[in-house]
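Colleague: with the sequence up front, the predicted model follows.
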Amino acid sequence: MRKYFPSIGASLDLIASVGYIVLYFLNYHVDQAPKAWMSKSLPLLVYITPVIILVSSLFTITKFKNFLDFFRTKVHLFITLPAFFIVWGDFEFTFWLVIFHAIASIIFRYIQNKESNEDEKLQYQVGLLEKIKLNPAQLVILTFMGLILFGAMLISLPFAHQEGFELSYIDAFFMSTSAACVTGLAPFAIGENFTLIGQVFMLFLIQVGGLGIMTLTTSMTILLGKSFGMKEQVLMKGILDISSFEELIDMIIEIIKLTLFIELWGAILLTAAFVYEGQDLGEAMFNGLFHSVSAFCNAGFALFSDSLVQYKTNYFVNTVIMVLILLGGLGFFVMKDIKVNFYKKKKFKNFTLHSKIVLYTNVALVLVGSFSFFFSEFLNTLDAYSLIDKVVISIFQSVTTRTAGFNTIEFSNLHMHTIYFMCILMFIGASPGSTGGGLKTTTFAILIQSVKATLQGRSEIEFFNRRIPNSLYVRSVALFIIAMSIFTVFFIILLKVEPNLAFGSLFFETVSAFGTVGLSLGITSEFSPIGKFFIILLMFIGRVGPLTLVLAFNQMKTLPSKVQYSEGRVMIG
């Protein structure tokens, strides 16, 4: 009988969770549902479901050798179970907790099944996930979805927002997705409508999302003691460009250390600036920490209702924020390369090719963006400012436009050609392996260099006396087409579901969501629930990236070519 306890526990857990989710959804969101018996069943289930989950978890203990194994595999229970009983009887919060518990159970069940030996797999039901055989990209997406759901649950807590402020389901999802995807779009001001606890929850989501879901998943894997299989190792190396598993571990540890180090110094400098501006020390310290993390993670969230407009002429604050944005947008691989070559006092020629392309492209984009904004708005929005102020504002907007989302000037009066050029910068985005989104600077650089090679009559793409493999060019073109296709589809859908919003404003908002930038022309709060839903999807896709999305649904097996065909000629142009 003892051997059936885990199966009995899992069945009880499944029945209770699914039952409560379905009943809650039908009762509150389906008008045709029979309300009479549901109104009687739901109050009973809200108390029974946490008890069943607790009992089912006790049943599963019998399959573990010791408590440490149980904790490592069921760590999410130590989060959800106390929360269940803290909010005992709360319908809405129990609903979110059950969803989080279900997703976490799926993820940890998959990890557990991968660790089990063949005898254990025969004795216990392996489950649907093992049959599906999730790859790391799919696990990334599942984990990221879990983070968003957990974040929505946190910010939905009554003490997370101000008394009297009504936070709808869709707005909770929107804010959680925007924070976890380090976008910065918001239908309301978080500094005014969220309490200190709610702002801490947002800070947590920004930090985890900024570190990157791939880093988060790999860190979780290491912390829980799960070893990679060969397929997973190969795929992870391909995505992270790491040559060995040991280097992968070292890179993740260094990512975390470097992130915390940079954010700490940013927080200290911003705290000093805010104290100088007249803020109390405690307020200045939290504002400094929040905006340091938000800037480095390229999130663009600000606790001030006008973003950073009040600091547009504060050169120190502008400089610190810009440095944090640029460092976060370069990517961890480039920062590591800079650190190594700085300590060894080597010249630029000693950098890796990837770092050279990233640094060169970033400098070029910042300069082009600054000149464009400066001359386009010189006699318009910048007319009332001094020459040095105009330069600082232009540089800041060039830096922040590509993924950060802060603004130090109102966008309502910008010229349309300025807005269009900002859309181009937002679409290009940050660099691979960074906290930002977008097409990525290296992809853009390869496409531009391919145009140059074509105009010069060359058949190969070259950077800094190095030849770029044709496979990278093909992948860059594919990513560009996929990104353009995704953007176009979502923009057409939003035009259909939001007919009352201006074409230009909606175009800007769509690019901002896909590039996980967060800049807006002031229409975010005007979206209907269905419009917000599609923006949520677009932010999610923009953050995980087209490549991860493709990997999630395709194993990308490389089949050896047995036949090499002769070349064929096709007219183009």
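Modeller: That came in fine, so what should we check first? Numbering: from 1, shown residues only.
Colleague: how about residues contacting stretch 328-336?
Modeller: 210, 241, 251, 254-255, 258, 262, 295-298, 327, 338, 352, 354-355, 358-359, 362, 402-404, 430-436 (Cβ atoms under 8 Å, 6 or more residues apart in numbering). Any C-beta I mention is one placed from the backbone N, CA and C, and that applies to glycine too.
Colleague: I should have written stretch 164-175 there, sorry.
Modeller: Residues outside stretch 164-175 that contact it (Cβ under 8 Å, 6+ apart): 148, 151-152, 155-156, 161, 185-188, 190, 193, 202, 529, 532-533, 535-536.
Colleague: now do the buried residues in that stretch.
Modeller: Neighbour counts using 16 or more other Cβ atoms under 10 Å place 167, 170, 171, 172, 173, 174, 175 of stretch 164-175 among the buried residues.
Colleague: for residue 466, phi and psi?
Modeller: The phi/psi pair for residue 466 (degrees, to the nearest 10) reads phi -130, psi 140.
Colleague: brain fart, residue 467
Modeller: The phi/psi pair for residue 467 (degrees, to the nearest 10) is phi -90, psi 130.
Colleague: low-confidence stretches in the stretch 351-500 of the chain?
Modeller: Residues of the stretch 351-500 of the chain meeting the criterion pLDDT under 70: none.
Colleague: now for the one helix or strand residue 288 maps to, which elements pack on it?
Modeller: Using DSSP states H and E, residue 288 maps to helix 281-296. In terms of contacts (3 or more Cβ pairs under 8 Å, 6 or more residues apart in numbering; DSSP states H and E), helix 281-296 is packed against helix 196-211, helix 245-276, helix 315-330.
Colleague: how big is the angle separating it from helix 315-330?
Modeller: Per axes from the mean of the first three to the mean of the last three Cα atoms, to 10 degrees, the angle that helix 281-296 makes with helix 315-330 is 40 degrees.
Colleague: so which bits of helix 281-296 are buried?
Modeller: In helix 281-296, counting by 16+ other Cβ under 10 Å, buried: 284-296.
Colleague: stretch 484-497 too?
Modeller: Under the neighbour-count criterion of 16+ other Cβ under 10 Å, stretch 484-497 has 486, 487, 490, 491, 493, 494 buried.
Colleague: restricted to helices, list those residues.
Modeller: 486, 487, 490, 491, 493, 494 (DSSP state H).
Colleague: rewinding a little: may I see the buried residues of stretch 484-497 arranged in a markdown table, with distance to residue 411 as well?
Modeller: Listed next are the buried residues of stretch 484-497 as a markdown table, based on distance: Cβ to Cβ, whole Å:
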| residue | distance to residue 411 |
| --- | --- |
| 486 | 24 |
| 487 | 20 |
| 490 | 21 |
| 491 | 19 |
| 493 | 24 |
| 494 | 19 |
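Colleague: could you identify the most distant pair in the residues you listed?
Modeller: Farthest pair in the buried residues of stretch 484-497 (Cβ to Cβ) is 486 and 494. Separation: 12.5 Å.
Colleague: which stretches of the stretch 1-150 of the chain have low pLDDT?
Modeller: In the stretch 1-150 of the chain, residues with pLDDT under 70: 1-10, 28-41, 59-76, 78-79, 85-88, 107-139.
Colleague: break this structure into its domains for me.
Modeller: The record assigns the chain these domain ranges, following automatic domain parsing: 2-237, 243-473.
Colleague: residue 418 versus the one residue sitting closest to the centre of the chain, what's the distance?
Modeller: Centroid check for the chain by Cα atoms, centre = their mean gives residue 181 as the closest residue, at 2.6 Å. Residue 181 sits 26 Å away from residue 418, going by Cβ to Cβ, to the nearest Å.
Colleague: which residues does the residue nearest to the centre of the chain contact?
Modeller: Contact analysis of residue 181 by Cβ under 8 Å, 6+ apart lists 148, 209, 437, 516, 539, 540, 542, 543.
Colleague: farthest pair within the residues you listed?
Modeller: 148 and 437 (15.2 Å).
Colleague: which of these two has more neighbours?
Modeller: Each of residue 148 and residue 437 has its neighbours counted (other Cβ atoms under 10 Å); residue 437 has more, 28 against 25.
Colleague: could I get the helices and strands packed on helix 281-296 in JSON lines, plus columns for mean pLDDT?
Modeller: Output for the helices and strands packed on helix 281-296, formatted as JSON lines (pLDDT from 0 to 100):
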{"stretch": "helix 196-211", "mean pLDDT": "91"}
{"stretch": "helix 245-276", "mean pLDDT": "85"}
{"stretch": "helix 315-330", "mean pLDDT": "93"}
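Colleague: now these in a markdown table, with mean neighbour count and distance to residue 567?
Modeller: Formatted as a markdown table, these follow (neighbours: other Cβ atoms under 10 Å; distance: least, Cβ to Cβ, whole Å):
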| stretch | mean neighbour count | distance to residue 567 |
| --- | --- | --- |
| helix 196-211 | 21 | 46 |
| helix 245-276 | 17 | 39 |
| helix 315-330 | 22 | 40 |
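Colleague: setting aside sequence neighbours, what's the nearest residue to residue 84?
Modeller: The shortest distance from residue 84 to any residue other than its chain neighbours is 3.7 Å, reached at residue 50 (Cβ to Cβ, 6 or more residues apart in numbering).
Colleague: for that neighbour, give its distance to residue 17.
Modeller: For residue 50, the distance to residue 17 - Cβ to Cβ - is 11 Å.
Colleague: since that was my last question, I'll sign off now.
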